[in-house]
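Q: Give me a 3D structure for the following:
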Amino acid sequence: MLPAEIFDTIGDFLYDDRHSLLACGLCRPLLPSTRYHLFSDLSVQLSAQRVTSLTRIIKSTCNTISPYVQRVVFNDLARWVFVAGVSDIECAIRKMPRVLSMLPAARCVRISNTDFEHVPQEIIRCLVSYLHPFVNLELHSLHFYRFSEFADLVCSLPMLERVELKRLTWTHNGRGVSNLGRVSSHVEWHILELRHGKNLRDLAEWLGAHNPTPIIRSFYYDATSQSEVYQLRNLLRRIAPSLRYLQFSFPVFADNRSKSDTLRNFIDLQECTSLRSLRYKHILLMPDDAVTTMISPWVSQMLSQIPSDSLEDVGFEFMLPNSGDETCLKELDWSGISSALSRKEFRYLRSIQFNMSAGTAFNSACATNYILDRMPNFKHALRKSARPTRIHAYFASVGIQ
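A: Next up, the predicted model:
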């Protein structure tokens, strides 16, 4: 019999492949690991009848999945308001404490795909009042009328240890940050993506007003104006030592005359001492283009700034013209990138990923060979992925000299 750790590792590799997990569940030694991933999320449909049925299932003596539920998901609340009505949803929410009491491992709540402008305030207050036991909060694809409504939601959960934000928007920034509540300093923030730069500016201004500085592990840096650059740069300067995952987009708002100054002052990575993953997005590669000429050395300069010796992953997303082909790659400073990645500080580097918005004449095989030729230090480790517009490189630590 193999050690249990081997079976756990197999399950972890298959965590997002439901069909493989179901097949592995037929093997008794793999059953605990597959159940851990298959039943980690419990999606709750907010109607009184459905919550009553869910309670009955969980209470059943045949139920064996409750110990595996780690995350409770509330999806599309606006739809349930339309389908079930306000009073029915309030009744369903009041039944939730009994459900949660039978889920001993559920420490995370996710609210997703909801426009809160179409959800009555009494529903929001009622739901939040029963979320206090959760320590992890995930907000995905949500829209608020005011930024202050988002801040109030986060501040209303006193037990929070982790907040994850992805694709949030709001119509108005609401009242000034000085009048908003504050989140505990021990909470870890993962800001994966916001849909509009001004929304990120509002969030950066609010978090920047926290004292002590919040712990932000993941950050999506995307500015659409010079004022947003100012807010984001100031926040990044404060959170840099705790930052582990950073993704930033090239500033497309500046005109050609000011792009040089914008690039120079756009972002500063010199204090990111714990960075593990870096993603460049929207790198424009246009032949004989003045903007591309400025971008090319800037990419490698940003890599050279990073002082972290924990960097494991670097990604590049290139934007090519519709009629562009693999020759557009010639516009990039490959020598500078190769030299920056070969630094001894990056001895733990494991992967490099290239994503390209391929034009109609793009040849992925030629692009792969071109990158192989331009990065000879890593030639033995470069691999092409199954997707024709994506190329991966995987490095063992011994591959970096």
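
Q: give the contact list for the residue lying closest to Trp334 once chain neighbours are set aside.
A: What sits nearest to Trp334 in space, not counting adjacent residues and going by CB to CB, 6 or more residues apart in numbering, is Arg374, at 3.6 Å. In this view, the C-beta of every residue, glycine as well, is placed from N, C-alpha and C. The contact partners of Arg374, taken as CB atoms under 8 Å, 6 or more residues apart in numbering, are Leu329, Trp334, Ser335, Ser338.

Q: Top of these by number of neighbours, please.
A: Leu329 (20 neighbours; other CB atoms under 10 Å).

Q: Compute the distance between the residue nearest to Trp334 and Gln45, please.
A: As judged by CB to CB, to the nearest Å, Arg374 and Gln45 stand 52 Å apart.

Q: With Arg162 instead?
A: Taking CB to CB, one finds Arg162 at 25 Å from Gln45.

Q: remind me which residues of the stretch 251-400 of the chain are low pLDDT?
A: Residue ranges of the stretch 251-400 of the chain with pLDDT under 70: 251-261, 324, 357-362, 379-400.

Q: Helices of that one, start to end?
A: All helices of the stretch 251-400 of the chain, identified by DSSP state H, counting those that start in this stretch, fall at 259-266, 290-305, 334-341, 364-374.

Q: which one of those helices lies closest to Leu26?
A: Of all the helices of the stretch 251-400 of the chain, helix 364-374 sits nearest to Leu26, with 37.7 Å by CB to CB.

Q: then that closest one to CSV, C-alphas only?
A: Taking Å, rounded to 0.1, in the frame of the first residue of the first chain, the C-alpha atoms of helix 364-374 are listed here in CSV:
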residue,chain,number,x,y,z
SER,A,364,2.8,29.5,-33.4
ALA,A,365,5.5,27.0,-34.4
CYS,A,366,7.6,29.8,-35.9
ALA,A,367,7.0,31.9,-32.7
THR,A,368,8.1,29.0,-30.5
ASN,A,369,11.3,28.5,-32.5
TYR,A,370,11.9,32.3,-32.4
ILE,A,371,11.7,32.4,-28.6
LEU,A,372,13.9,29.3,-28.3
ASP,A,373,16.6,31.0,-30.4
ARG,A,374,16.3,34.3,-28.4
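
Q: ok, and for the helix or strand hosting Leu165, which residues are buried?
A: Assigned by DSSP states H and E, Leu165 belongs to strand 162-172. Across strand 162-172, burial judged by 16 or more other CB atoms under 10 Å covers Arg162, Val163, Glu164, Leu165, Lys166, Arg167, Leu168, Thr169, Trp170.

Q: what's across from the fifth one in the sheet?
A: Looking back up the chat, that one is Lys166. Beta-bridge pairing for Lys166 (DSSP bridges): His140, Glu193.

Q: Please name the residues that touch it.
A: Here Lys166 is in contact with Glu138, Leu139, His140, Ser141, Leu192, Glu193 (CB under 8 Å, 6+ apart).

Q: just so I have it, where are all the helices in the stretch 101-250 of the chain?
A: Counting by DSSP H, counting those that start in this stretch, the helices of the stretch 101-250 of the chain are 121-129, 147-155, 197-208, 226-239.

Q: Check those for me and report the most buried one.
A: helix 197-208 (a mean of 23; mean count of other CB atoms under 10 Å).

Q: Which residues does it contact?
A: 147, 151, 165, 168-170, 173, 177, 180, 189, 191, 194, 214, 216, 220-225, 227-228, 231-232, 234-235, 238-239.

Q: now do 7 Å
A: 147, 151, 168-170, 173, 177, 180, 194, 214, 222-225, 227-228, 231-232, 234-235, 238 (CB atoms under 7 Å, 6 or more residues apart in numbering).

Q: before we move on, back to that, so which of the buried residues of strand 162-172 comes closest to Thr273?
A: Arg162 (21.6 Å).

Q: who's that closest one bridged to?
A: Per DSSP bridges, the residues bridged to Arg162 are Asn136, Glu188.

Q: on that earlier part again, what is the nearest of the buried residues of strand 162-172 to Ser101?
A: Arg162 (22.0 Å).

Q: who touches that closest one in this structure?
A: Taking CB under 7 Å, 6+ apart, we find Arg162 in contact with Val135, Asn136, Val187, Glu188.

Q: Next one: the third one, what pLDDT does it get?
A: pLDDT, Val187: 96.

Q: Same question for Val229.
A: On pLDDT, Val229 comes in at 80.

Q: Not counting its neighbours along the chain, what's nearest it?
A: The spatially closest residue to Val229, leaving aside those adjacent along the chain, is Ala223, at 4.5 Å (CB to CB, 6+ apart).

Q: Provide a list of residue ranges in the stretch 51-200 of the chain with pLDDT below threshold.
A: 174-175, 195-197.

Q: how about the strands in this protein?
A: Assigned by DSSP state E, the chain shows strands spanning 41-44, 71-75, 108-115, 136-146, 162-172, 188-194, 215-221, 245-249, 277-284, 313-319, 351-357, 382-384, 390-394.

Q: The fifth one vs helix 197-208, what angle?
A: If I follow you right, that is strand 162-172. Following axes from the mean of the first three to the mean of the last three CA atoms, to 10 degrees, one obtains 130 degrees for the angle between strand 162-172 and helix 197-208.

Q: So that it lines up with my notes, have the first residue be 42 from now on.
A: All set: I'll call the first residue 42, so the last point we hit is now strand 203-213.

Q: gap between the spatially closest residue to Asn275 that is not a sequence neighbour and Gln288?
A: Once flanking residues are discounted, Asn275 sits nearest to Gly249: 5.9 Å by CB to CB, 6+ apart. Separation of Gly249 from Gln288 (CB to CB): 19 Å.

Q: which residues touch Ile324?
A: Ile324 neighbours (CB under 7 Å, 6+ apart): Phe291, Ile336, Val340, Phe357, Glu358, Phe359, Met360.

Q: Was I right to think the fifth one contacts Asn396?
A: Looking back up the chat, that one is Glu358. Yes - at 4.4 Å, Glu358 counts as touching Asn396 under the criterion of CB atoms under 7 Å.
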